[in-house]
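> Fold the stuff below for me.
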Amino acid sequence: MTAPLALESTVISHGLPYPQNIAAARRFEQIARQYGAEPRTVAVIGGELRAGLNDEELELLARSHDVRKLSRRDLPIAVAQGWHGATTVATTMWIAARHGIRVFSTGGIGGVHRSGSLKGEAGGRDAAPDISADLPELAQTPVAVVCAGAKAILDLPATLEWLETWGVPVVGYGTDEFPAFYSRGSGLPVDVRVDTPQEAAAIVEAKRRLGLPGGVLICAPIPQEYELPAAEANAAIEQALAEADAQGVRGKAITPFLLARIVELTGERSLHANLALLENNVRIGAQIAAALAASRA
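Below you'll find the model as predicted:
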């Protein structure tokens, strides 16, 4: 039985410059194969929902300036108008589920934004908080998402509270704490710790057998040698948030603005950390996908 593993495409088209982006995409697929999975990079090509790309299509995502970042609400438009698009976490989950793929490796999920990064007419620190579409997708789409926690720019306690309310199990892979993306720990507990792919796969399969909706969030901390100290990461995040407020950046523009500014403030250490945790998550996701396939063989 094959062990498909969904991989993200936004890092190719919007996360890294060429040729680093195509090298990273090929590296992620190589790691997936090395650890027993069939890589399925997810994107929209010419209006077609794809889970699995050839090298020419990876090059298209890496080189073209006509690749849009697609949320789930954009899909009907993208299909009708024949767009090329890279998919967000939520959109990747939805397309993966349509193709029967049960495990997806990404960097970090979206969540509840901090009070300083908001959207709405008022803007600023008194507006309603921005809640990522990744969270409701996790609550309704049956895909296990392997990540390094939620992006560090977010309100992690509020994000975990949302996941608890909507019935999404939060599993720590080799950790008792919810990872804070650039940092290995947040001081916040996960629901359960597992230490093997088989343990993680058993939870995913048990949720399916119980008929419960939604996915499972499997959180692996960044490799220790690439970790950014929490104080350094938080200082960069707070400065980026203040600059976003001052410049009136909000809505869909807030996350790319913050992530790019944090790379600048940390002297690109956060960029290297991001690539390291992505590779680690692909490695773990591939092993979980292989264990899940073996359990159902």
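
> Spit out the contact partners of E227.
182-184, 221, 273 (C-beta atoms under 8 Å, 6 or more residues apart in numbering). C-beta here means a position set from N, CA and C on the backbone, and glycine is covered the same way.

> Quick check: closest non-adjacent residue to T159.
G111 (3.2 Å; C-beta to C-beta, 6 or more residues apart in numbering).

> can you check D66 too?
H84 is the one closest to D66 (C-beta to C-beta, 6+ apart), at 6.0 Å.

> quick check, nearest of the contacts of E227 to V42?
If you rank the contacts of E227 by distance to V42 using C-beta to C-beta, A273 comes first, at 23.4 Å.

> Tell me which residues touch that closest one, please.
Counting by C-beta under 8 Å, 6+ apart, the residues that A273 touches are 182, 222, 226-228.

> Apply 6 Å and report the result again.
182, 226, 228 (C-beta atoms under 6 Å, 6 or more residues apart in numbering).

> Can you get me the start-to-end distance on stretch 247-257?
Start to finish, the residues bounding stretch 247-257 are 11 Å apart (C-alpha to C-alpha, to the nearest Å).

> For it, what is the distance to the chain centroid?
18 Å (C-alpha atoms, centre = their mean, to the nearest Å).

> Any buried residues in that stretch, and which?
Neighbour-count burial for stretch 247-257, counted by 16 or more other C-beta atoms under 10 Å, picks out 249-250, 254-255, 257.

> Same question for stretch 226-239.
Those would be 226-228, 230, 233, 236-237, for stretch 226-239 by 16+ other C-beta under 10 Å.

> do the same with stretch 135-155
135-155.

> could you give the mean pLDDT of it?
For stretch 135-155, the mean pLDDT works out to 94.

> just how off-centre is it within its chain?
Using C-alpha atoms, centre = their mean, the offset of stretch 135-155 from its chain centre is 7 Å.

> Kindly provide the distance from the closest residue to A240 other than its chain neighbours to Q30.
Closest residue in space to A240, ignoring its immediate chain neighbours: R261 at 4.1 Å, by C-beta to C-beta, 6+ apart. The gap separating R261 from Q30 is 31 Å, by C-beta to C-beta, to the nearest Å.

> who has more neighbours, these two?
R261 (20 against 13; other C-beta atoms under 10 Å).

> ok, so what distance separates the more buried one from D195?
Between R261 and D195 the distance is 36 Å, computed by C-beta to C-beta.

> and the closest residue in space to Y226 that isn't next to it in sequence, how many neighbours?
Of all residues beyond its chain neighbours, the one nearest Y226 is A276 (3.9 Å), with distances taken as C-beta to C-beta, 6+ apart. A276 has 16 neighbours, counted by other C-beta under 10 Å.

> I am finished for the moment; much appreciated.
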